[in-house]
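K.L.:
Here is the input, now give the coordinates:
(2 chains)
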Protein chains: 2
Amino acid sequence: MSGYQVDDATVEEIETERATYEPITEATRRLADLCIRSQVDAASTARALEHLQAAIDVLSQDVAEGPYGLRHSRQGPTRPWGNAVVGVRNPVAPPLKVVHETDHVWSDFELSSAYEGPPSLVHGGVSALILDQLLGEAAAAAGSPGMTGTLTVRYRRGTPLGALRAEARVERTEGYKTFAVGQICDAEGVCVEAEGVFILPRWARSEQEQPERFE
Amino acid sequence: MSGYQVDDATVEEIETERATYEPITEATRRLADLCIRSQVDAASTARALEHLQAAIDVLSQDVAEGPYGLRHSRQGPTRPWGNAVVGVRNPVAPPLKVVHETDHVWSDFELSSAYEGPPSLVHGGVSALILDQLLGEAAAAAGSPGMTGTLTVRYRRGTPLGALRAEARVERTEGYKTFAVGQICDAEGVCVEAEGVFILPRWARSEQEQPERFE
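P.N.:
Predicted structure coming up:
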């Protein structure tokens, strides 16, 4: 059920994986932006499509069966590399690099045209997506990881595409529930606020008592 | 401020735009999944990267300055084609095709590995993203379009990646505020519920009275 993977990947192996797949992921992010903004003609997109198909053919020669999951190494850093917000191997993710401080987490990031909702503004749901991730990381950083139970997002004003900062911190913990708050700001101040309740899943509660189940 | 564009694109021109850019967008979605799941070696990803760069070079020859926006045609359908949930030119979007019925909107869709949060589950924020879009479309379909004011999402259980259905409808309207509710279900039933308040922006209120400003 948990789907967590624990392996013995060394720091070097993890860096090799990153060096192997991060460049194609970054190129695919640039392509996502160009699919939206390019104005070249049909003959040009047909030529581009041939190259994309060639890349697909190469990458399809050996494909894992399921999604990436969350890979823990006994020897190196954890890899949430398929995650839709922070995944360095996921072109759908901006991706955010989240900094964990003692009492809060934060991230400076840029949102491209691919995150648009209302014209020239960040999609309200993208702000919710990012805040869910940040609030969840704040809960985990405070020692209370969990699945989102409830997320409430308040939109104070439109959030512009471009450079933004997100922050989150834990307000309090009650048993298996952790209450976190956060916000997204542009240079002018707060655009969106959120609060979330994160709940340690039942299977993880027993695993906390029986850590060998993580192995 | 509004960023809305009105043009005279004909139905044929709109179909030509779709035929020109939809195939590269779909190919880029497949690439996003492969960036996460491919297991080919570094020599292979280097070869794939050359093709991706060649496609980038072609598509970069003529690029619009800003994001796609929301393009209204006086002669054909509206194109929200850069939208992060429904945009047919946006590889970050699954994309959802939303069906508008008399009293509700719905969409059947599939979420790939690129929308993962917890292992093998949909990212909680991705569910929020999709529900924000559906609730907003329900408000618009009921004649009360608006920007999201507040969005509350309740997670009943983990949402599996794969085939899902989202639905939304308007509960009530109070002046410029529209209250909408919705849910995401898998084959077993409801996974996530949401309620949202959508607010007609101030500039749109005056534009409703002075529709020529839309021109």
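
K.L.:
Number of residues surrounding A:Glu12?
P.N.:
When neighbours are counted by other Cβ atoms under 10 Å in any protein chain shown, A:Glu12 registers 10. Using the backbone N, CA and C atoms, a C-beta is placed for each residue, glycine as well.

K.L.:
Quick check: phi and psi on it?
P.N.:
For A:Glu12, the backbone dihedrals (degrees, to the nearest 10) come out as phi -70, psi -40.

K.L.:
Apart from its chain neighbours, what residue comes closest to the most centrally placed residue in chain A?
P.N.:
With the centre of chain A defined as its mean C-alpha position, the nearest residue by Cα atoms, centre = their mean is A:Val85, 1.7 Å away. Distances taken as Cβ to Cβ, 6 or more residues apart in numbering or on different chains place A:Gln133 nearest to A:Val85, at 3.9 Å, with adjacent residues excluded.

K.L.:
Quick one: classify that neighbour as helix, strand or coil.
P.N.:
Each residue gets one of three states, and A:Gln133 gets helix by DSSP: H, G, I helix; E, B strand; the rest coil.

K.L.:
Check A:Cys35 too.
P.N.:
Going by three-state DSSP: A:Cys35 is helix.

K.L.:
List the contacts of A:Lys97.
P.N.:
The contact partners of A:Lys97, by Cβ atoms under 8 Å, 6 or more residues apart in numbering or on different chains, come to A:Val86, A:Ser107, A:Phe109.

K.L.:
The last one belongs to a helix, doesn't it?
P.N.:
Yep, that's A:Phe109 we're talking about. No: applying three-state DSSP, one finds A:Phe109 to be strand, outside a helix.

K.L.:
And for it, the neighbour number?
P.N.:
Using other Cβ under 10 Å, the number of residues around A:Phe109 comes to 18.

K.L.:
Show me how the record splits chain A into domains.
P.N.:
Split into domains by automatic domain parsing, chain A comes to A:1-91, A:96-207.

K.L.:
Could I get those in JSON lines, plus columns for distance to B:Arg165 and mean pLDDT?
P.N.:
Converted to JSON lines, these look like this (distance: least, Cβ to Cβ, whole Å; pLDDT from 0 to 100):
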{"stretch": "domain A:1-91", "distance to B:Arg165": "20", "mean pLDDT": "94"}
{"stretch": "domain A:96-207", "distance to B:Arg165": "17", "mean pLDDT": "94"}
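
K.L.:
I'd like those laid out as CSV, including distance to B:Arg156.
P.N.:
What follows is these, written out as CSV (distance: least, Cβ to Cβ, whole Å):
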stretch, distance to B:Arg156
domain A:1-91, 17
domain A:96-207, 9
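
K.L.:
rewinding a little: list the contacts of the residue nearest to A:Val85.
P.N.:
Listed by Cβ under 8 Å, 6+ apart, the contact partners of A:Gln133 are A:Asn83, A:Val85, A:Val86, A:Leu96, A:Val98, B:Gly117, B:His123, B:Gly125.

K.L.:
and the angle from the helix or strand encompassing A:Ala55 to helix B:42-59?
P.N.:
According to DSSP states H and E, A:Ala55 maps onto helix A:42-59. Taking axes from the mean of the first three to the mean of the last three Cα atoms, to 10 degrees, one finds helix A:42-59 and helix B:42-59 inclined to each other by 170 degrees.
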